[in-house]
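[1] Fold the following and give me the result.
(one chain, ligands or ions: 1)
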Amino acid sequence: MARVFNFSAGPSMLPEPVLKKAAEEMLDWNGSGQSVMEMSHRSKQYESIIKKTEDLTREILGVSDDYHVLFLQGGGSLQFHMIPLNFMTKNKKADFVQTGAWTLKAVEEAAKLGKINIVGSSKDKKWSYLPPIVGSDPEADYFYICYNNTIEGTQYHTLPDVKVPLVADISSGILSEPLDINKFALVFAGAQKNLGPAGVNLTIVRKDFMDRIPAGLPAMLDFKVHADSGSLFNTPPCYSIYIVGLVLEWIKENGGTKALFARNAEKAKLLYDYLDQSKFFYSPVEKKDRSLMNVPFLTRVTEAEAAEAMNKKFVKEAEAVGLVNLAGHRSVGGMRASIYNAMPVEGVKKLVDFLKAFEKNNA
Ligand SMILES: Cc1ncc(COP(=O)(O)O)c(C=O)c1O
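    A predicted model of the protein is given here:
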């Protein structure tokens, strides 16, 4: 069966060589006579898998020994609560930039534990840009951003200059371009976009930031417990971590984040260039803040019902030619193409050709 080009925001496409390798190793990992799915997480074999995955994470993202690399469960969403629970503990307040759905959720969770200071919001223009920072608090326990806004399609290409520890949700932007981890006290990413399958979340946290973790937290919510046990406090999502390792190997073999960035920039340019000259489609996002990974777009049909019908027609016809999951997020409508690392240039070219033909037939 022919594989489709999958533009889903997550879980999303994985590199084909990774899937093939996983298939080859499905029944017998490295002569062990077992699948990784069946392996004890306390075995020597599995220890080598999780260690390799951590080592590759450090190598590819340039993570020094000053940081812990943790593989956790509960997705990005649990991090929304775990981070304030562990780190919003000195002055019980933090600065947040509001840039869309995922920061709204992060604020909602953090607000249960302390005082949230909103230092910028792009709500006034439907989250279509990254707002300037106003009124940051020098006594905030940390400053929180969402580095790439999966739903709204904005991405920080320059990080805000802040005086307090910087914390970022890098779920949908991780490995899309080189990123200096040393600028952050903590970053986290659900794996199901650029890293691997759902089920594991990567958190990278500076060791000195861990000093402020209060005693007596529930073990599973305590970063120190996970750091002290090398992400093996309880049974981890073993198979997902193994696939993350294969994805990282693929990234290394393909030139690391610099090479990925060049390819991602090429893919994004193809799509944005087309949208910017189209008389039928457009990107609602300010040029300077556009995401390399998630590209929302709309038609210029203005009447609400007709616009909705046109979006549905687009998604259906695209699916028929093997371009799938192009519907926009249910909260914003329109369309969205997620073009993560595993999406080949060929997939974006095919999408642009389809957009051109659709415009010709429907404008
Ligand atoms: C930027 C961002 N943060 C957090 C999440 C939530 O992640 P999870 O579904 O793993 O809880 C998502 C999910 O798509 C996301 O895109």
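[2] any idea where the strands of the chain begin and end?
    For the chain, strands defined by DSSP state E occupy the ranges 5-6, 67-72, 93-98, 115-121, 143-146, 148-149, 154-155, 166-169, 186-190, 201-206, 281-282, 294-299, 323-324, 335-338.
[3] Which of these sits closest to the ligand?
    Closest to the ligand of the strands of the chain is strand 186-190 (C-beta to the nearest ligand atom; 3.3 Å). For every residue, glycine as well, the C-beta is placed using N, CA and C.
[4] From the chain's centre, how far out is that closest one? Work that out for me.
    Between the centre of strand 186-190 and the centre of its chain there are 8 Å (C-alpha atoms, centre = their mean, to the nearest Å).
[5] Show me what that strand is packed up against.
    helix 75-87, strand 166-169, strand 201-206 (3 or more C-beta pairs under 8 Å, 6 or more residues apart in numbering; DSSP states H and E).
[6] Let me have the ones you listed in TSV, extended by distance to the ligand, mean neighbour count and mean pLDDT.
    Formatted as TSV, the helices and strands packed on strand 186-190 follow (distance: least, C-beta to the nearest ligand atom, whole Å; neighbours: other C-beta atoms under 10 Å; pLDDT from 0 to 100):
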stretch	distance to the ligand	mean neighbour count	mean pLDDT
helix 75-87	3	22	98
strand 166-169	5	25	98
strand 201-206	6	23	98
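[7] For residue 38, grab the count of nearby residues.
    By other C-beta atoms under 10 Å, 12 other residues sit near residue 38.
[8] One more: residue 319?
    Residue 319 has 14 nearby residues by other C-beta under 10 Å.
[9] Skipping its backbone neighbours, what lies nearest it in space?
    residue 326 (7.7 Å; C-beta to C-beta, 6 or more residues apart in numbering).
[10] how far does stretch 220-235 stretch from start to finish?
    One end of stretch 220-235 sits 11 Å from the other (C-alpha to C-alpha, to the nearest Å).
[11] got the contact list for that stretch?
    41-42, 50, 54, 68, 70-72, 78, 81-82, 85-86, 203, 205, 210, 213, 219, 241 (C-beta atoms under 8 Å, 6 or more residues apart in numbering).
[12] For this protein, which residues are neighbours of the ligand?
    By C-beta under 6 Å from any ligand atom, the residues of the chain that approach the ligand are 10, 75-77, 102, 146, 150, 169, 171-172, 190.
[13] please redo it, this time with the cut-off set to 8 Å
    9-10, 74-80, 102, 105-106, 146, 148-151, 169-173, 190, 192-193, 198, 201 (C-beta under 8 Å from any ligand atom).
[14] Please work out which of the strands of the chain is packed deepest.
    Sort the strands of the chain by mean neighbour count, taking mean count of other C-beta atoms under 10 Å, and strand 148-149 sits at the top with a mean of 28.
[15] What helices and strands are in contact with that one?
    Using 3+ C-beta pairs under 8 Å, 6+ apart, strand 148-149 is in contact with helix 101-110, strand 154-155.
[16] tell me the most buried of these?
    Buried most deeply of those, by mean count of other C-beta under 10 Å, is strand 154-155, with a mean of 26.
[17] so what secondary structure elements neighbour that strand?
    Counting contacts by 3+ C-beta pairs under 8 Å, 6+ apart, strand 154-155 is packed against strand 148-149.
[18] Please tell me how far the strand it packs on is from the chain's geometric centre.
    That offset, for strand 148-149, works out to 7 Å (C-alpha atoms, centre = their mean).
[19] How about residues contacting it?
    99-103, 127, 154-156, 170-173, 176, 291, 293-294.
[20] how about the helices in the stretch 151-300 of the chain?
    Using DSSP state H, counting those that start in this stretch, the helices of the stretch 151-300 of the chain run over 223-228, 238-253, 256-277.
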